[in-house]
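Enquirer: Output the structure for:
(one chain, ligands or ions: 1)
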Amino acid sequence: MSSKIIQLNNTDPSFDSEKVTQSSMQRPSSEPGDQHTIQSVPYSEDDWQMDPDNARNWSAYRKWTATTIVSLYTFLTPFASTLMAPGLPSLNQKYNVTNPTISAMTLSVFLLSNAIGPLVLAPFSEMYGRTWVLHVANILSTFFHLGCAFAPNVGTLILFRFLAGLAGGAAPACGAGSISDLFSERDRASAMALYSFGPLIGPIMGPIVGGFITETIGVKYLFIFLAGVCGLVSAVGIPLLKETYGPVLRYRKALKLGDVEKAAALSRNIPGSSGEIWSVILINLKRPVTLLSRSFICFILSLYMAFMYGITFMFFTTFGGMSIFSDVIRMLTFGSLYYLDVFGKTYGFKPSVIGLAYLGLGVGFIIATIIGARFSNQMYTYLAAKNDGKGKPEMRMPALFFGSFFIPIGLLWYGWSAQAKVHWIMPIIGSGIFGFGTMTNFLDSLDVLSALAPHRPISDHVPFSLPIQLYLVDAFTYAASAVAATMAAESALVGGLNSATLDPSTEVVIAPPSIYLLSVKASVRNDIAVSAQNLYPKDSGAFTGEISPKQLVDAGIPWVILGHSERRTIFGESSEFVAQKTRAALDSGLKVILCIGETLQQREANETGAVNEAQLKPVIAALKPEDWKKVVIAYEPVWAIGTGKVATSAQAQETQAEIRAFLSKAISPAIASETRIIYGGSVTASNCKELATQPDVDGFLVGGASLKPEFVDIINARKA
Ligand SMILES: O=C[C@H](O)COP(=O)(O)O
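Expert: Numbering: from 1, shown residues only. Coordinates of the predicted model:
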């Protein structure tokens, strides 16, 4: 056989959300005999929910202090981005810049790197904790802004702006995750409102403050001022903001208590803990594209939010007084420099007073954060109560509709009153109504995403950037806190495989529990296929809880394992039923890993050959000769599965040669020789090499060892 299949069959419940969840609900996971469950959760989720160190159990004062600091960090990024806009002409003069592209780049390079920053920094935040990523990035920002202030030429200025934008990505990467750490879905809206206030107020305050600084003390002080503000926020933030991220807190707590074993087990819940950091970063970089192209919900929400941000920024530019910044936005949004200067030209406000016209918007934002957030929470609670107390992300939607209603009203009010040149307070009131609708809207769009994905940096809602918004959507794969730990395990496992050097002549198929099929498929490298662990042999009908062959095919899953000994013994599946499933799978175009094998009792009674033949016969009867191209037989002696008692290479070879001989006799010698027969049962890195030398062992079905780094060695068993 030219290739073999190594199949990762995750029967270890540290990767199985259902078992982890059950253990947390029904019994302490340290209960004897629950060895699989306790591997990655040494004390249960229930214990952690009650733990005073869990950020959700902190005092209200501590929680709101943390939220305020996070909001301050989040404010800094858009503030830094727009503060220099009014100073652009002076910067052009200072650095002799005549090329408009280079001039625009000094401003916009920040946005570019700020879009990339969260993709790189988010994995770090989940490995080392959110708080220190925020602190370190802000300290670095301070230096980068100073670099801008003292840049000797425009190239250096662009470089430091790029670096400042990159470091500024920490707040979008960690901010919303911190809020989710601190508040449950039900009482998160007000905190999210405070958190979202920074990103919305930042781009408004930036040009106003920037204009004053440029006019009064000079353009260089824009960056010195920024560095000062960042330094100040660090000075307040470092002592006051403590780590909020659960997996890191639990790990640190175990270390502090000197429980090295528990710490080692908990570290498995932290992505990248096995050193595959770059692979995790790569997955993060790919994930927005994957989700944007494969999830309609993510796509449509991202599109909607991008549209809303576009309208908001177009709206800002009509106030007047931010010449270059307004022009850049206008070019990007209208494609021309069509000019509106409502408060400058229509109402004759001086440039320094135009900034005050933004106060109407600010009032709208504040009312939205108070009333809109409360309305959103009440609506959510009401709908959840009607649904037996179970909240759903969609329950945020009515509040979003409510917010959306005020946006056109505000815009019409603003535009009409300005056009009619009625008193200046009227367009300001219109802007307030618009601000109220926008803020309520942002909160609810983000809450929908947040509810879908509480543990990811999802509401990285720094305005301006579609890539950042798309990144938020990454969180969509992380459905609920109960599975977050196992998802982290998935991420680590897939990350480890993605970064490994694998024998190209080995075909690798991984078979996660069904709940992870799609996410694993989306994140695993292309040369590794994904398999289901079971199916039901009907394409339609009322078979609640079962997965049909057609559903697997529709989901792009090419393989399925059938006849595993646990299906046969625990679920009483007969060989006839396994044959029926095999037929249905092949009819749908799936490939099958067909498990057979004897119990210890049967081996001791010398019935191994007869048992294997009896399990194969119904399948042989159900299949046509050409079907066998799509079938791999996995010989798994039941006594070797999960017991640590691997079959000797001689036992495996002898039995698998017998199976091949039987195929030869029952079907044909050609099919017998072409069909791959793999071995499963306590395969490890230390026994795989010898097993792999056997002529009738064409690969392995690996359970427990597939969850460890040694799985890569098993895949490479035939490599010298
Ligand atoms: O499903 C997996 C196989 O049954 C083998 O499991 P194991 O390698 O943990 O013994």
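Enquirer: which residue packs closest to Trp58, ignoring adjacent ones?
Expert: Nearest residue to Trp58 in three dimensions, chain neighbours excluded: Leu182, at 7.1 Å (CB to CB, 6 or more residues apart in numbering). All C-beta atoms are positioned from the backbone trio N, CA, C, and that covers glycine.
Enquirer: Report the contact partners of that neighbour.
Expert: Ala55, Arg56, Trp58, Lys63, Ala66, Thr67, Ala191, Thr244 (CB atoms under 8 Å, 6 or more residues apart in numbering).
Enquirer: And Lys538, by the same measure?
Expert: Applying CB under 8 Å, 6+ apart, the residues near Lys538 are Glu546, Ser548, Ala584.
Enquirer: For the stretch 351-500 of the chain, which residue gets nearest to the ligand?
Expert: Leu493 (14.7 Å; CB to the nearest ligand atom).
Enquirer: How about the secondary structure of that residue?
Expert: Classification of Leu493 using DSSP: H, G, I helix; E, B strand; the rest coil returns helix.
Enquirer: how about the residues of this protein near the ligand?
Expert: For the chain, the contact set with the ligand under CB under 6 Å from any ligand atom comprises 9, 11, 636, 641-642, 680-683, 701-705.
Enquirer: now these: which count as buried?
Expert: Buried subset of these (neighbour count, 16 or more other CB atoms under 10 Å): 9, 11, 636, 641-642, 680-683, 701-705.
Enquirer: Now flag whichever of the residues you listed is closest to Met379.
Expert: Here the nearest of these to Met379, counting by CB to CB, is Thr11; it sits at 42.5 Å.
Enquirer: ok, back up a step: now that we have the contacts of Lys538, which of them are buried?
Expert: Using 16+ other CB under 10 Å as the burial test, those include Ser548, Ala584 as buried.
Enquirer: of all the contacts of Lys538, which comes closest to Arg525?
Expert: Here the nearest of the contacts of Lys538 to Arg525, counting by CB to CB, is Ser548; it sits at 27.4 Å.
Enquirer: separation between the residue of the chain found nearest the ligand and Ile641?
Expert: As assessed by CB to the nearest ligand atom, the ligand sits closest to Gly703 within the chain, at 2.2 Å. Gly703 is 7 Å from Ile641, where distance means CB to CB, to the nearest Å.
Enquirer: My guess is the residue of the stretch 351-500 of the chain closest to the ligand contacts Val712. True?
Expert: No. Using CB atoms under 8 Å, Leu493 is not in contact with Val712, being 11.0 Å away.
Enquirer: who has more neighbours, these two?
Expert: Taking other CB atoms under 10 Å, Leu493 and Val712 do not tie; Leu493 has more neighbours (28 against 18).
Enquirer: For burial, what's the neighbour tally of the residue nearest to the more buried one when sequence neighbours are not counted?
Expert: Excluding the flanking residues, the one nearest Leu493 by CB to CB, 6+ apart is Leu707, at 6.5 Å. With neighbours defined by other CB under 10 Å, the count for Leu707 comes to 24.
Enquirer: next one: Ala579
Expert: Neighbour tally, Ala579, other CB under 10 Å: 23.
Enquirer: Just the pLDDT at Leu275, thanks.
Expert: Rather than Leu, residue 275 is Gly. pLDDT for Gly275: 54.
Enquirer: ugh, typo on my part, it should be Val280
Expert: Listed pLDDT for Val280 reads 65.
Enquirer: Phe711 and Val702 touch, don't they?
Expert: Yes. Counting by CB under 8 Å, Phe711 does reach Val702; the two are 6.4 Å apart.
Enquirer: about what we covered before: the residue of the chain closest to the ligand and Val646 touch, don't they?
Expert: No. Using CB under 8 Å, Gly703 is not in contact with Val646, being 11.5 Å away.
Enquirer: Please enumerate the shared neighbours of those two.
Expert: Here Gly703 and Val646 have Val683 as joint contacts, going by CB under 8 Å, 6+ apart.
Enquirer: So for the residue nearest to Gly202 when sequence neighbours are not counted, what's the pLDDT?
Expert: Closest residue to Gly202 apart from its sequence neighbours, by CB to CB, 6+ apart: Pro78 at 3.4 Å. Note on Pro78: pLDDT of 83.
Enquirer: ok, how many other residues are close to Pro78?
Expert: There are 28 residues near Pro78, going by other CB under 10 Å.
Enquirer: Pull the number of nearby residues for Asn534.
Expert: Counted with other CB under 10 Å, the neighbours of Asn534 add up to 20.
Enquirer: Now do the same contact list for the residue nearest to it when sequence neighbours are not counted.
Expert: Using CB to CB, 6+ apart and skipping residues adjacent in sequence, the residue nearest Asn534 is Arg567, 6.3 Å away. Contacts for Arg567 (CB under 8 Å, 6+ apart) come out as Asn534, Glu573, Val578.
Enquirer: pretty sure the first one is in contact with Ile561, am I right?
Expert: In this case it means Asn534. Yes. Using CB under 8 Å, Asn534 is in contact with Ile561, at 6.8 Å.
Enquirer: tell me the phi and psi of Ala511?
Expert: Ala511 has phi and psi values of phi -130, psi 80 when expressed as degrees, to the nearest 10.
Enquirer: For it, give the beta-bridge partners.
Expert: Asn9 (DSSP bridges).
Enquirer: right, and it touches Ala532 too?
Expert: Yes. In this structure Ala511 lies within contact range of Ala532 using CB under 8 Å: 6.7 Å.
Enquirer: what do those two both touch?
Expert: With CB under 8 Å, 6+ apart, Ala511 and Ala532 have common neighbours Trp559, Ile561.
Enquirer: For the protein, which segments are assigned as strands?
Expert: Residue ranges of the strands in the chain, as given by DSSP state E, are 4-9, 506-511, 528-532, 559-562, 591-596, 631-635, 677-680, 699-702.
Enquirer: Please work out which of the ones you listed is packed deepest.
Expert: strand 699-702 (a mean of 29; mean count of other CB atoms under 10 Å).
Enquirer: Could you list the alpha-carbon positions for that strand in CSV?
Expert: Extracted C-alpha coordinates of strand 699-702, given in CSV (Å, rounded to 0.1, in the frame of the first residue of the first chain):
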residue,chain,number,x,y,z
GLY,A,699,-1.8,2.6,9.3
PHE,A,700,-3.4,3.3,12.7
LEU,A,701,-6.6,4.3,14.3
VAL,A,702,-5.4,6.4,17.3
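Enquirer: buried stuff in stretch 653-670?
Expert: For stretch 653-670, the neighbour count (16+ other CB under 10 Å) marks Gln653, Glu654, Thr655, Gln656, Glu658, Ile659, Arg660, Phe662, Leu663, Ile667 as buried.
Enquirer: which ones among those are found in helices?
Expert: Counting by DSSP state H, the buried residues of stretch 653-670 place Gln653, Glu654, Thr655, Gln656, Glu658, Ile659, Arg660, Phe662, Leu663 in helices.
Enquirer: what sits against the fourth one?
Expert: When contacts are counted by CB under 8 Å, 6+ apart, Gln656 touches Tyr635, Ile677, Tyr679, Gln694, Asp696, Val697.
Enquirer: Next, count neighbours for the closest residue to it other than its chain neighbours.
Expert: Nearest in space to Gln656, with sequence neighbours left out and distances taken as CB to CB, 6+ apart, is Asp696 at 3.9 Å. Neighbours of Asp696 under the rule other CB under 10 Å: 20.
Enquirer: Then Val646?
Expert: Residues lying near Val646 (other CB under 10 Å) number 21.
Enquirer: any idea of the pLDDT on it?
Expert: 94.
Enquirer: Touching, it and Gly681? I think so.
Expert: Yes. Shown here, Val646 and Gly681 form a contact pair, counting by CB under 8 Å, at 6.2 Å.
Enquirer: shared neighbours of the two, anything?
Expert: With CB under 8 Å, 6+ apart as the test, Val646 and Gly681 both reach Ala640.
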